[in-house]
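# Curious how this folds, go ahead:
(one chain, ligands or ions: 2)
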Amino acid sequence: MSENTLYDDVWDRHRVRTLPSGQDQLFVGLHLVHEVTSPQAFGMLEERDREVARPDLTHATADHIVPTDDRSRPYGDAAAESMLSELEANVGDSDIAFDHPDTGRQGIVHVVGPEQGRTQPGMTVVCGDSHTATHGAFGALAFGIGTSQIRDVLATQTVAMEKKRVRRVEVTGELDDGVTAKDVILTVIRELGTDGGVGYVYEYGGPVVEAMDMAGRMTVCNMSIEGGARAGYVEPDETTYEWLRETDAFAEDPERFAELREYWESIRSGPDAEYDDVVTIDGDAIEPVVTWGTTPGQVVGVTEPVPDPDSFEEGEREVARRAQDHTGVTPGESMQGYPVDVAFVGSCTNARLSDLRDAARVVRGREIHDDVRGLVVPGSQRVAAAAEREGLDTVFRDAGFQWRAPGCSMCLGMNDDQLVGDEVCASSSNRNFVGRQGSKEGRTLLMSPRMVAAAAVTGGVTDVREMSLVEADDAEETAEVTR
Ligand SMILES: CC(C)[C@H](C(=O)O)[C@@H](O)C(=O)O
Ligand code: SF4
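Ligands and ions are numbered 1, 2, ... in the order given. As a prediction, the model looks like this:
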């Protein structure tokens, strides 16, 4: 087994050359494109009279601006309509595959790539979007890139990048019932800080990460960027291969799957890999968490008291005070019972089928609180269809949630799904910055989909471990008995 990390191996295999700047020029295996960050880059290409070099390795979807209710065209919002039209024209001119809302495959860019088997281990994946790190869950090197890099990738299928150091984030032990991947990554960011990862790529491992399903690993990798890391990844294993085997990419081609699997196995970091840093997080000690402030690092366990700003080091004190002024939380008290107005289950962090199932376990047979507006926004049309096949839409609707069409939605409020005034939102998304969900006074509490569901039902932050969970089968049995 090599002493190299997966990061070193995959980087070296994709290096075309080292540039005079010291950066490496890397070949890009998959370029994902969405409507917000691509128009300018396509424009630059046109100005230079260049064509898209590898449309076959480029894949587009529309997610940020698409409405989640009425999708008749033209969209009511002229800016949204123009962004979608522009993407339609750009992909049409370049022969790029596009998960258009009419295809049944549209969804959030970080949901559709993995779901179709486009994201694979040992690959380089880029997208003009900071949460591209999500794809690292498959053992890919996945980076968010800026506009000029998007242009370069469109024109050359390569990108110039600087190599980072690798920190192994080892999560030991076993998660308690009710504790999820979201609680793990929020705890990692709490421990290491929102800028603790600067200069690093995170390799997540240890028993807790190994035991996670792919959706959980995607949740963890997704938020690497919120911890300051350039990317995050998990080494591929049986769980990864099981997911890929069933996807469009391999379902019909078991031979190719077998061939690639050998490569995937060969890039694992291995027991002798040398890391620039290793950090251990005690998985046994993690409890369901919730944010109390305005960064994803301002996190507290649901049974713990909110910290007093005075307990922070000098530079941090004022930041904490300002954050608490905004959210209106009380130091010394736990977050439990803190009232919420909106419950949002969605985003590229937590809107996959297993996330929806997870929230449904809490919601099934219950009703959301009268004062809460609840939205479930599946990550993709395929997630929505699968959820509908198992009746999850009915579970959510019966409880009083709105069941919406897929997109980024209230994660960042680039469409009509926004907070109003100083509403408080229990949100399964990844950012709680001031104004993030469309209102300057709005307040976002990040938590797991389960915790969002619990807050929706009770009307305030609740320890989901205190609520009984209802599995789909139990619900059917109960229904039978009732009949
Ligand atoms: C719109 C896009 C550039 C942005 C990002 O890069 O992350 C968005 O997806 C977000 O989550 O804030
Ligand atoms: S769901 Fe949110 S975090 Fe993810 S790509 Fe969309 S806006 Fe960005």
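# Now for whichever residue of the stretch 251-400 of the chain sits closest to ligand 2: which residues touch it?
Using CB to the nearest ligand atom, the single residue of the stretch 251-400 of the chain nearest to ligand 2 is residue 348, 3.3 Å away. Bear in mind the C-beta positions are built from the backbone N, C-alpha and C, glycine included. Counting by CB atoms under 8 Å, 6 or more residues apart in numbering, residue 348 makes contact with 108-111, 131, 134, 222, 379, 408, 411, 430.
# now the helix or strand harbouring residue 186: mean pLDDT?
Secondary structure from DSSP states H and E places residue 186 in helix 181-192. pLDDT averaged over helix 181-192 equals 98, rounded to a whole number.
# Next: stretch 92-109.
97.
# What of stretch 115-123?
Averaging pLDDT along stretch 115-123 gives 98.
# Regarding that stretch, how distant is the last residue from the first?
Start to finish, the residues bounding stretch 115-123 are 16 Å apart (CA to CA, to the nearest Å).
# Repeat that for stretch 298-306.
9 Å.
# and if you look at stretch 383-400?
Stretch 383-400 has its terminal residues 20 Å apart, counting by CA to CA.
# Tell me if it is near ligand 2.
No - Stretch 383-400 stays clear of ligand 2 (CB under 6 Å from any ligand atom), getting no nearer than 12.7 Å.
# and that stretch, how far out from the chain's middle?
Distance, stretch centre to chain centre, for stretch 383-400: 21 Å (CA atoms, centre = their mean, to the nearest Å).
# Could you tell me how far residue 190 is located from residue 437?
Residue 190 sits at a distance of 21 Å from residue 437 (criterion: CB to CB, to the nearest Å).
# Residue 356 too?
On the measure of CB to CB, residue 356 and residue 437 end up 20 Å apart.
# So if I had to pick from these two, which one is more boxed in?
residue 356 (32 against 26; other CB atoms under 10 Å).
# that older thread, please save the CA atoms from the helix holding residue 186 in PDB.
C-alpha atoms of helix 181-192 as PDB (Å, rounded to 0.1, in the frame of the first residue of the first chain):
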ATOM      1  CA  ALA A 181     -24.100  13.100   9.700                       C
ATOM      2  CA  LYS A 182     -25.200  16.700   9.900                       C
ATOM      3  CA  ASP A 183     -24.500  16.700  13.600                       C
ATOM      4  CA  VAL A 184     -21.100  15.200  12.900                       C
ATOM      5  CA  ILE A 185     -20.000  17.900  10.400                       C
ATOM      6  CA  LEU A 186     -21.400  20.800  12.500                       C
ATOM      7  CA  THR A 187     -19.400  19.400  15.400                       C
ATOM      8  CA  VAL A 188     -16.300  19.100  13.300                       C
ATOM      9  CA  ILE A 189     -16.700  22.800  12.300                       C
ATOM     10  CA  ARG A 190     -17.400  23.800  15.900                       C
ATOM     11  CA  GLU A 191     -14.200  22.000  17.000                       C
ATOM     12  CA  LEU A 192     -11.900  23.100  14.200                       C
END
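# Run through the neighbouring helices and strands of that helix.
strand 165-172, helix 214-222, strand 277-282, strand 289-291, strand 299-301 (3 or more CB pairs under 8 Å, 6 or more residues apart in numbering; DSSP states H and E).
# Just checking: what are the partner strands of the helix or strand following the longest one?
On the C-terminal side of helix 214-222, the nearest following helix or strand under DSSP H and E is strand 231-234. Strand 231-234 pairs in its sheet with strand 200-205 (parallel), by DSSP bridges.
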